[in-house]
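>>> Sharing a model that was predicted from the sequence below.
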Amino acid sequence: MAKERAQWTGRLGFVLAAAGSAIGLGNLWKFPYITYENNGGAFVLVYLGAIALVGVPIMVAEIVLGRRSQKNAVGAFRVLAQGKAGGQLWRGVGFLGVMTGFVILSYYSVIAGWTIRYILMAVSGELGGLAHHPADLQAFFGEFLSNPYQQILFHSLFMGATIGIVYFGVGRGIERAAKLLMPVLLTILAMLVIYSFWTPGFGEAMRFLFRPNFSELSASGVLEALGHSFFTLSLGMGAMLTYGSYMRKRDSIPRAALTICALDTIIAISACIIMFSIIFSFDFEVTKSSTILFTTLPVVFFQLPGGAFVSALFYVLVAFAALTSTISLLEVVSSYAIDELGWPRRRATLTMGAAILAFGTLSAVSMGGNAALSNINFIGRPSTAGVFGTLDYLASNWFLPVGGLLIALFTGWILSRDETREELEEGNGPLGWKFSLWRFLIRVAAPAAVGAIIVSVILGAEYQ
């Protein structure tokens, strides 16, 4: 007799867990950076349109696949593709998702581990001492990156926290953690937004963010807004599909997806308000590197009143955002082992978590800790040097968009109209023209948009 599949205890648990999966460094650093680079207001409006036309339809599609199949990423395509065009070849999409989750978690947890080090420094006062001497902070961070023992230690601590939560399952582990972490994350974010109101640059930040000027938006900016609307929602790697497989039939998929996307967008906009208020208060240079979170921002924080408290609060925020993402990545991989290999959850979580931890050490020591792993460059671009850079490039530029494109094509063209309508109206009621709109978006608009991302990568663009 098949074991009954775990379920979220309610809609709130699913929404918080899925929103946590979507929220991460992309919201707190990448979106403010690309918004700044593309001159604000008009870019934000295009991004919001892309979320509605690309992000929401694909998120709905992933959840539909998960709940209808009641399986992991591989099992979903195995079950739903039976008797359809392409047959079991579609299982490759699921395998791609599991592999993507494995790879991303292996290096994402390395960066996430840095937040633990910085929380400890902020609380102890060490960060304040370094922040008053920017050259010393830069030197410290360089030494920290090139210290293989510290990189492996904090990577291991973060993976340990991730494994510990997923080990206890959907209800007692992931959902319980989401209900704790997400409200705290949102509270910290609200506190920082309120704090930013009193900074000298708040007014200029709001004008920059909400006053659109389309003459300042380039074609490449439109494409970047399109790309980020896809990447920010954890699409294309089976996370939403896996979480959707635990969703109750009486809950509405469209309402849940819209709520998740709204939360993700609100947090991204809030991060912009915080970051731009600081930028325009102190006129510091914004760079593409995520290391500004650990080198430039501390210097700025300690020019503000209560800098020690603000910096500690900020790094707790980043750590919580990262943890809610790493949980979902490990669940994608663990769920595959549970469903397809027949492993009990504890064995699946510990084994897969240990494998990811071990593989992640290659990234941890590839930022100066080991010369060979730091200098290797299969892709041949400056940004792809080292194991870390190579894996980030492959996952962000190839694995995710290809996975997202195939998910859209499968849901829109392989699953029948009746199958998708039935699943979407379960727990929601008749959708009428809204279903027709979604079906058009998932069959035409979303594949075209994600296809444009892939073409831009072929032509030389890069996403991180």
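Alright, I've got the coordinates. Numbering: from 1, shown residues only.

>>> give me the number of residues near the nearest residue to Gly353 once chain neighbours are set aside?
Distance criterion CB to CB, 6 or more residues apart in numbering; nearest residue to Gly353, sequence neighbours excluded, is Ile163 at 3.8 Å. Placement of C-beta: from N, CA and C, glycine included. Ile163: 20 surrounding residues under other CB atoms under 10 Å.

>>> Tell me the gap between the host helix or strand of Ile163 and the middle of its chain.
Per DSSP states H and E, Ile163 falls inside helix 148-167. Centroid separation for helix 148-167 versus its chain: 18 Å, with CA atoms, centre = their mean, to the nearest Å.

>>> ok, now how distant is the residue nearest to Gly353 from Ile327?
10 Å (CB to CB, to the nearest Å).

>>> Alpha carbons of stretch 389-405, in PDB - could you do that?
Taking Å, rounded to 0.1, in the frame of the first residue of the first chain, the C-alpha atoms of stretch 389-405 are listed here in PDB:
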ATOM      1  CA  GLY A 389      31.700  30.900 -11.200                       C
ATOM      2  CA  THR A 390      31.300  28.000 -13.600                       C
ATOM      3  CA  LEU A 391      28.400  26.400 -11.700                       C
ATOM      4  CA  ASP A 392      26.600  29.700 -11.200                       C
ATOM      5  CA  TYR A 393      26.900  30.500 -14.900                       C
ATOM      6  CA  LEU A 394      25.600  27.100 -16.000                       C
ATOM      7  CA  ALA A 395      22.700  27.000 -13.500                       C
ATOM      8  CA  SER A 396      21.500  30.600 -14.100                       C
ATOM      9  CA  ASN A 397      22.000  30.900 -17.800                       C
ATOM     10  CA  TRP A 398      21.200  27.400 -19.000                       C
ATOM     11  CA  PHE A 399      19.600  25.000 -16.500                       C
ATOM     12  CA  LEU A 400      16.900  27.300 -15.200                       C
ATOM     13  CA  PRO A 401      15.700  28.900 -18.400                       C
ATOM     14  CA  VAL A 402      15.700  25.600 -20.300                       C
ATOM     15  CA  GLY A 403      13.800  24.000 -17.500                       C
ATOM     16  CA  GLY A 404      11.300  26.800 -17.400                       C
ATOM     17  CA  LEU A 405      10.800  26.700 -21.100                       C
END
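
>>> Could you give the separation of that stretch from the chain centroid?
With CA atoms, centre = their mean, you get 13 Å for stretch 389-405.

>>> likewise stretch 414-426?
27 Å.

>>> Please apply the same query to stretch 170-190.
Put simply, stretch 170-190 sits 16 Å off its chain's centre (CA atoms, centre = their mean).

>>> Stretch 319-337 too?
10 Å.

>>> then that stretch to PDB, C-alphas only?
These are the backbone C-alpha positions of stretch 319-337, laid out as PDB (Å, rounded to 0.1, in the frame of the first residue of the first chain):
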ATOM      1  CA  ALA A 319      20.400  34.800   6.500                       C
ATOM      2  CA  PHE A 320      16.700  34.100   6.900                       C
ATOM      3  CA  ALA A 321      16.000  34.900   3.300                       C
ATOM      4  CA  ALA A 322      18.700  32.500   2.200                       C
ATOM      5  CA  LEU A 323      17.600  29.800   4.500                       C
ATOM      6  CA  THR A 324      14.000  29.700   3.200                       C
ATOM      7  CA  SER A 325      15.500  29.300  -0.200                       C
ATOM      8  CA  THR A 326      18.000  26.600   0.700                       C
ATOM      9  CA  ILE A 327      15.200  24.600   2.400                       C
ATOM     10  CA  SER A 328      13.300  24.400  -0.900                       C
ATOM     11  CA  LEU A 329      16.300  23.400  -2.900                       C
ATOM     12  CA  LEU A 330      17.100  20.500  -0.600                       C
ATOM     13  CA  GLU A 331      13.500  19.400  -0.600                       C
ATOM     14  CA  VAL A 332      13.600  19.100  -4.400                       C
ATOM     15  CA  VAL A 333      16.500  16.700  -4.200                       C
ATOM     16  CA  SER A 334      15.200  14.800  -1.100                       C
ATOM     17  CA  SER A 335      11.700  14.400  -2.600                       C
ATOM     18  CA  TYR A 336      13.200  12.700  -5.600                       C
ATOM     19  CA  ALA A 337      15.000  10.200  -3.400                       C
END
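
>>> Which element, helix or strand, includes Glu419?
Under the assignment here (DSSP H and E), Glu419 is part of helix 417-425.

>>> So for that helix, what gets flagged as buried?
Using 16 or more other CB atoms under 10 Å as the test for burial, helix 417-425 gives 420-421, 423-425.

>>> which helices and strands sit right next to that helix?
Contact here means 3 or more CB pairs under 8 Å, 6 or more residues apart in numbering; DSSP states H and E; on that basis helix 417-425 packs against helix 56-69, helix 253-282, helix 433-440.

>>> Could you tell me the angle between that helix and helix 56-69?
Inter-element angle recorded for helix 417-425 and helix 56-69: 100 degrees (by axes from the mean of the first three to the mean of the last three CA atoms, to 10 degrees).

>>> Give the rounded mean pLDDT of helix 417-425.
For helix 417-425, the mean pLDDT works out to 97.

>>> And for stretch 241-252?
Averaged across stretch 241-252, the pLDDT comes to 97.

>>> just how off-centre is it within its chain?
20 Å.

>>> related to what we said a few turns ago, roughly how far does the residue nearest to Gly353 sit from Leu362?
Going from Ile163 to Leu362 by CB to CB gives 18 Å.

>>> do Leu28 as well
In this view, Leu28 and Leu362 are 26 Å apart by CB to CB.

>>> hey, least reliable of the helices and strands packed on helix 417-425 by pLDDT?
Looking over the helices and strands packed on helix 417-425, mean pLDDT reaches its minimum on helix 253-282, with a mean of 93.

>>> Pull out the buried positions in it.
For helix 253-282, using 16+ other CB under 10 Å, the buried residues are 253-254, 256-261, 263-265, 267-281.
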